[in-house]
Each structure stands twice: as structure tokens, then as C-alpha cells.
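Enquirer: any chance you can model this:
(chains A and B)
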Amino acid sequence: MTLSGPAVCLGKDIDTDLVIAGRYLRTKDTSVWAEHVFEDLDPTLASQLKGTVIVAGNNMGCGSSREQAPVAIREAGAIAVIAPSFARIFFRNAINVGLPVIECDGLTCEDGSTVTISLEDGWVEADGARHPIRPLSGRMQDILAAGGLVPYWRNK
Amino acid sequence: MSTLSERILGGPAGTYVDRTVDRAFAHDGTGVLAMEAFRKMGVAQPARPETVSIIYDHLAPANTSQTATLQKELREFSAAAGFTLTDVGGGICHQLMSEGRVLPGEVVVGADSHSCTTGAFGAFSTGVGATDMAAIWAEGSTWFRVPETINIELTGRLPAWCEAKDIVLTVTGQIGMDGGTYRALEYTGDGAAALSMAGRLTLCNMAVECGAKTGLFYADKTTQEYLAQYGHSVERQEPEDTTYCRELSVDLADMEPVISVPHRVDTVAPVTDYTGTPLDQVFVGTCTNGRYEDLERFAGIVRGGEVACRTIVVPASRAIMQQAAETGILAEIIAAGCMVGPPGCGPCLGMHMGVLGEGETALSTANRNFKNRMGVGAEYYLGSVATAAASALKGEITSPEGAL
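Expert: Sure thing, here's the model as predicted:
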């Protein structure tokens, strides 16, 4: 399966407070998180994420363990997040909620340009250049393929 | 020869292992989501409910009917599941786990990023998200990638006006916000051995601020004496001659009071570079610096004086608050004009009372100064308890040198 969408370029060290602020966590309603995703970074982003591939810098998702962060990104419609490195809890959380996260170095990001990802073959294509991605562990691939840890567990 | 993480997890760095989780915990924030995920997994009963703690600290006591309802739901779920619940007023999860619930050599997982705190006992203690926590409830175990380890050797003695917080801010400044990603930090050396348990907890608490999976101290005499208070008799752990992925040496004698400048934890500067910056609020507390030793140090500086700006002090647990009441330091803190809040996270993550207004500036003893975290449009500096106390008395950023 390949994923493809226009890039949304973000900086490095995007913390989970920037992804979804603490003041929106007093609910279980995922649409609230989707509506306010990245609000403190750029309040116009939330409405533009449908079908996009987020391309971030190093240490994406640093900070808190709030799982609402990858859920907010997924619910806002982004189809994947690419970064040279991720904060480990965010990375694990994203896989667990079925949001593809891809570790890939050397990508030059240009807002709106098409990014294509092949998880099976292990590459990302952007600006005509193909970059290898760091493979997920077998179990993480299985969890992601199942759509997250809850469906993975139910199928077990 | 192994690092402490390799020894506890039972595999070399870089490998994946499955491990039984000796202690698992969640708070009122992550616990609600974990409950939702657990229900969706369709599991009838948790595997090892006797190992699970639920601790209400993020919104304690509940601030709206909406959060009170969520807390009620989790309370009922927790009782049915057979978990141990500490309700509002008990304190911060990491502090309660530090009060005799974590032992050296254990695998400890909390649904909160600062779960690295209890690595101070020589446990492998780390944070996960809510769905991982639900799977741990269901299965009693989880997977880990065994981390590489950065060794931080502390030598020498801290000057009187510096404390553990200055060490950890300095180290975070050196390593950077992503310098420890996927790795563990081990603190060794005579300077580490000389630190109190409270100081060690402060250091390990902030391991995640440079991306690390956990921070660890080897269990020694200090650990044994501390845990003996809670009725535990534990073995010491000795470091082995091992290979670290990076080694840092920090001479504590060179330490000076430092602060993290908005909005990055790793932007660390001497307090004196910011002397005179006006403050609207000082906040003392959190899983980083809300322990008895911290309150005692704070009281020692504000005693007999009067704070010159809004100052909020939040003990990290009921036991700490009670001890501070019994020894009289709480009365001294109140007499100096501070407001004392109920044990819990307080304003740290901007969800509860004590948050900042737009354009306000604060100094906090917490662990994160991310943009808008403690109040939209506010700026806040992170510093030690002594820096917070000296600054509160003046209403502006002030070095504690000379205040002690």
C-alpha cells in the first residue's frame, strides 16, 4: 500500500502541548482535539490537514504522554507523519492509534508538494528523490496494519 | 557487562524484549483514555490488578462537572477492576509511587511522560500512552526496546545556593531536548551518591525533557535508608564496567543557579543573566520540586519575609503537606504571603487553577516551559526552589546566591 498526499512542513521539537493544548483535554470527544490540533503553532492548520502528510523536524511529539496528540492529527485527517526522529512515547502512541509514523532522514520539505510513502518497500518519495525509511519492528508493523493496538488486540 | 537498563530488562541495547510490568499506574487524565481503550479491547478482567494504581492528580479536585463526571466513571471502573485508587488530595502519581511503591530492579510503567521519576530507585521506570496502558492492564506485560545509555558522572560537591534542579537544567542544556531520544540516562559518581532521594527524583524526573526513556540511579545506602521508612529491605546495585553510548562528566563545584528560558527547556542560562525580570507569579511544586525537602528549602528563604508577587505553593503529596504542617514550615510559607494549593499537579500543565494570563511572566519549579502550557500568551522560566524563593521575595528574577 502506498500513501500519498501534499506535504505540511513543520519545525523540529514540536511538543505535544503544541499538537493539542492541555486546555482541550478535559473531554473524550475526539472531534474537539481535531478542531484544535496545532492551534498554538498555527491556528489555521487544523482545517487544512485532510489528506496531508505532515513532515516534521527532529524530535517530533516531544513532551507529554498524551495520546490525544496523535489522535488529534489522525482525526484532523492527516494520513501520516514523517520526521528524522520522534519522541518515543509519541511514536508508540501513534502506532497504537493507527497513525503511520515514519522515521526518515534527509527529506527536503516544501509545503503542498506531493509526498508518497511505501511502508512495504520502505521508502518516501518527495521532490523526485527517494529516501529509505527506518523499518518498524515486526510487531509495530502488525499493530499498524491492524489499524492500532485495540483492533490488533481484538484480532489476537 | 551491562548497563542498569540492560540488566533490568534482560537484553542488550537495541533488542526488543517482552517484560512483565511490576507496577503500572495512570492518573485521572490518561486513566480515562486507558479505560476507554480497555473496554474496546473486550477484555473481561485485568491480568494483574494488584499491581495497578490509579492516582488522581491532574485535575484535583475536579474543576468542572464534566471532569468530575469523568473522574466518577474512572473511580467506578477502577473499583470493579480491583485497582488501587488514590483519590483527589493524595498527591501527584510520581510522588505517591516514590512513597514506597517502587523498588530497585522493578519494571515500572506509568501512563505519564514523567514516569521516569522513579528510576531514581534503580528501577526501569518509563512512560507510555493510554492504549499501551490498557494493554498492560489486559496482559500484565509489554514490549520494550532496550535503550542505549548515556552515563552522566557527577563529581564534587554542590555550592550551598545550588540544588538538584540546577544540575538537571544544566545537563538538559548540554544534552538538548532530543539528545537523549530512545536512550536512558545513568547518573553515577560521588556527586550522585551524595544526593538525597529527593534530589535523585528531581534529576530522573526530567530525563524525558531531553527525550530519554528513563533516568536511573544505582540503589545504594541512601536508597536503602529511604525505602526502609516504608518497611522495605532492598539490595544495593553496583555499576558494572560497561560501554555507554555517550559519557558526560559534570563537576558540581562549578554549578551555578540556572533557569530555562521560554519556551524551550534546553535554553538554559545563568539566573544572573535575567536578574530583575519582573514576575507576576512564582509557582513552587510539581513532580519535579514539590517534596518536603523543597518546601523546607523554600521556607528557609521566605521565613519572616513577605513575597512580592503572587506565589503558589503546591505540596506534591498529602504526606508532604502533613509533614510540613507538623513541622511548622507550612505556617511559615503561609505567613510569608504564599497561597497553598491542594496536593496535585497544580497549574503546571495549564489545566487547573493557578494558570497564567496573557502577557504574564512566571517562574516555576516545574519541568516544562513549552509555549502556552501554563497559560495562553504567558512566559515562564524554570528554576530551582531557592531561585523561586529569592525571586518571590523580590517579585523579579533573583539569584539565590546570598539568600542562603
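Enquirer: show me where chain A has strands.
Expert: A:2-9, A:53-55, A:80-83, A:101-103, A:114-118, A:123-126, A:129-132 (DSSP state E).
Enquirer: which one of these is the most hemmed in?
Expert: Comparing these by mean neighbour count (mean count of other CB atoms under 10 Å in any protein chain shown), strand A:53-55 ranks first with a mean of 26. Where you see a C-beta, it was placed from the backbone N, CA and C, and this is true even at glycine.
Enquirer: residue numbers of chain A in contact with chain B?
Expert: With CB under 8 Å from any CB of the partner chain as the criterion, chain A meets chain B at residues A:12-13, A:15, A:17-18, A:21-23, A:25-28, A:40, A:58-59, A:62-68, A:85-89, A:92-93, A:96-97, A:137, A:139, A:148-150, A:153-154.
Enquirer: just the buried ones from these, in ChimeraX syntax?
Expert: To isolate the buried members of the residues of chain A next to chain B in ChimeraX, using 16 or more other CB atoms under 10 Å in any protein chain shown:
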select /A:13,15,17,18,21,22,23,25,26,40,58,59,62,63,64,65,66,67,68,85,86,87,88,89,92,93,96,97,148,149,150,153
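Enquirer: now the strands of chain A in JSON lines, with distance to residue B:378 and mean pLDDT?
Expert: Shown next, in JSON lines, are the strands of chain A (distance: least, CB to CB, whole Å; pLDDT from 0 to 100):
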{"stretch": "strand A:2-9", "distance to residue B:378": "27", "mean pLDDT": "96"}
{"stretch": "strand A:53-55", "distance to residue B:378": "27", "mean pLDDT": "98"}
{"stretch": "strand A:80-83", "distance to residue B:378": "28", "mean pLDDT": "98"}
{"stretch": "strand A:101-103", "distance to residue B:378": "31", "mean pLDDT": "97"}
{"stretch": "strand A:114-118", "distance to residue B:378": "36", "mean pLDDT": "96"}
{"stretch": "strand A:123-126", "distance to residue B:378": "37", "mean pLDDT": "96"}
{"stretch": "strand A:129-132", "distance to residue B:378": "39", "mean pLDDT": "96"}
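Enquirer: right, and these - which one's nearest residue B:182?
Expert: Closest of the strands of chain A to residue B:182 is strand A:101-103, at 10.4 Å (criterion: CB to CB).
Enquirer: and the closest one, what other elements does it pack with?
Expert: strand A:80-83, helix A:88-96 (3 or more CB pairs under 8 Å, 6 or more residues apart in numbering or on different chains; DSSP states H and E).
Enquirer: got those as a markdown table, with distance to residue B:269 columns?
Expert: A markdown table is the format used below for the helices and strands packed on strand A:101-103 (distance: least, CB to CB, whole Å):
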| stretch | distance to residue B:269 |
| --- | --- |
| strand A:80-83 | 28 |
| helix A:88-96 | 28 |
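Enquirer: can you map out the helices along chain A?
Expert: Assignment of helices within chain A using DSSP state H yields the ranges A:16-19, A:30-36, A:68-75, A:88-96, A:138-146, A:149-155.
Enquirer: please identify the buried residues of the second one?
Expert: Put plainly, it is helix A:30-36. For helix A:30-36, by 16+ other CB under 10 Å, it's A:32-36.
Enquirer: between the residues you listed, which sits nearest residue B:23?
Expert: residue A:33 (29.2 Å).
Enquirer: ok, now which ones touch the closest one?
Expert: For residue A:33, the contact set (CB atoms under 8 Å, 6 or more residues apart in numbering or on different chains) comprises A:20, A:24, A:68, A:71-72, A:75.
Enquirer: what's the spacing between the residue nearest to residue B:189 when sequence neighbours are not counted and residue B:247?
Expert: Leaving aside its sequence neighbours, residue B:189 sits nearest to residue B:153 (CB to CB, 6 or more residues apart in numbering or on different chains; 4.0 Å). Distance, residue B:153 to residue B:247, by CB to CB, to the nearest Å: 7 Å.
Enquirer: quick one: which of the two has more around it?
Expert: Each of residue B:153 and residue B:247 has its neighbours counted (other CB atoms under 10 Å in any protein chain shown); residue B:153 has more, 17 against 13.
Enquirer: follow-up on the earlier one: in CSV: the contacts of residue A:33, plus pLDDT and distance to residue B:167.
Expert: Formatted as CSV, the contacts of residue A:33 follow (pLDDT from 0 to 100; distance: CB to CB, whole Å):
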residue, pLDDT, distance to residue B:167
A:20, 96, 32
A:24, 93, 34
A:68, 96, 32
A:71, 97, 36
A:72, 98, 35
A:75, 97, 40
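Enquirer: ok, and the most crowded of the residues you listed?
Expert: Going by other CB under 10 Å, residue A:68 tops those with 31 neighbours.
Enquirer: wait, what's in contact with it?
Expert: Counting by CB under 8 Å, 6+ apart, residue A:68 touches A:20, A:24-25, A:30, A:33, B:33.
Enquirer: closest to residue B:219 out of the contacts of residue A:33?
Expert: Nearest to residue B:219, judged by CB to CB, of the contacts of residue A:33 is residue A:68 at 35.5 Å.
Enquirer: re the thing from before, dump the buried residues of helix A:30-36 to CSV, plus distance to residue B:359 and pLDDT.
Expert: Formatted as CSV, the buried residues of helix A:30-36 follow (distance: CB to CB, whole Å; pLDDT from 0 to 100):
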residue, distance to residue B:359, pLDDT
A:32, 26, 96
A:33, 27, 96
A:34, 29, 97
A:35, 26, 97
A:36, 22, 97
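Enquirer: tell me the one of the residues you listed nearest residue B:302?
Expert: residue A:36 (38.5 Å).
Enquirer: leaving out the residues flanking it, which one is nearest to the residue nearest the centre of chain A?
Expert: When CA atoms, centre = their mean is applied to chain A, the residue found nearest the centroid is residue A:81 (3.1 Å). Computed as CB to CB, 6+ apart, the closest residue to residue A:81 that is not its neighbour in sequence is residue A:54, at 4.5 Å.
Enquirer: correct me, but the one you found touches residue A:77?
Expert: No. With contact defined as CB atoms under 8 Å, residue A:54 and residue A:77 do not form a contacting pair (10.7 Å).
Enquirer: related to what we said a few turns ago, what comes into contact with the host helix or strand of the residue nearest to residue B:189?
Expert: Per DSSP states H and E: residue B:153 is located in strand B:149-155. With CB under 8 Å, 6+ apart as the test, strand B:149-155 has contacts from B:3-6, B:13, B:167, B:171, B:175, B:179-180, B:183-192, B:195, B:212, B:242, B:244-252.
Enquirer: out of those residues, list just those in strands.
Expert: B:184-188, B:246-251.
Enquirer: who does the nearest residue in space to residue A:60 that is not next to it in sequence bridge with?
Expert: Leaving aside its chain neighbours, residue A:60 sits nearest to residue A:83 (3.9 Å; criterion: CB to CB, 6+ apart). In this entry, residue A:83 is beta-bridged to residue A:103, by DSSP bridges.
Enquirer: I'd guessed residue A:83 sits against residue A:62; true?
Expert: No. Residue A:83 lies out of contact with residue A:62 (CB under 8 Å); the separation is 10.7 Å.
Enquirer: any idea of the pLDDT on residue B:79?
Expert: Residue B:79 is assigned a predicted lDDT (pLDDT) of 98.
Enquirer: can you name the element that comes right after the helix or strand hosting it?
Expert: Applying DSSP H and E as the criterion places residue B:79 in helix B:65-81. The first helix or strand that comes after helix B:65-81 along the chain, using DSSP H and E, is strand B:84-86.
Enquirer: what comes into contact with that following strand?
Expert: B:50, B:52-56, B:75, B:78-79, B:96.
Enquirer: repeat the analysis, applying 6 Å as the threshold.
Expert: Residues outside strand B:84-86 that contact it (CB atoms under 6 Å, 6 or more residues apart in numbering or on different chains): B:53-55, B:78, B:96.
Enquirer: which two from those residues end up farthest apart in space?
Expert: Pairwise over the contacts of strand B:84-86, using CB to CB, the maximum falls at B:78 and B:96, 14.5 Å.
Enquirer: quick one: which of these two has more around it?
Expert: residue B:96 (24 against 21).
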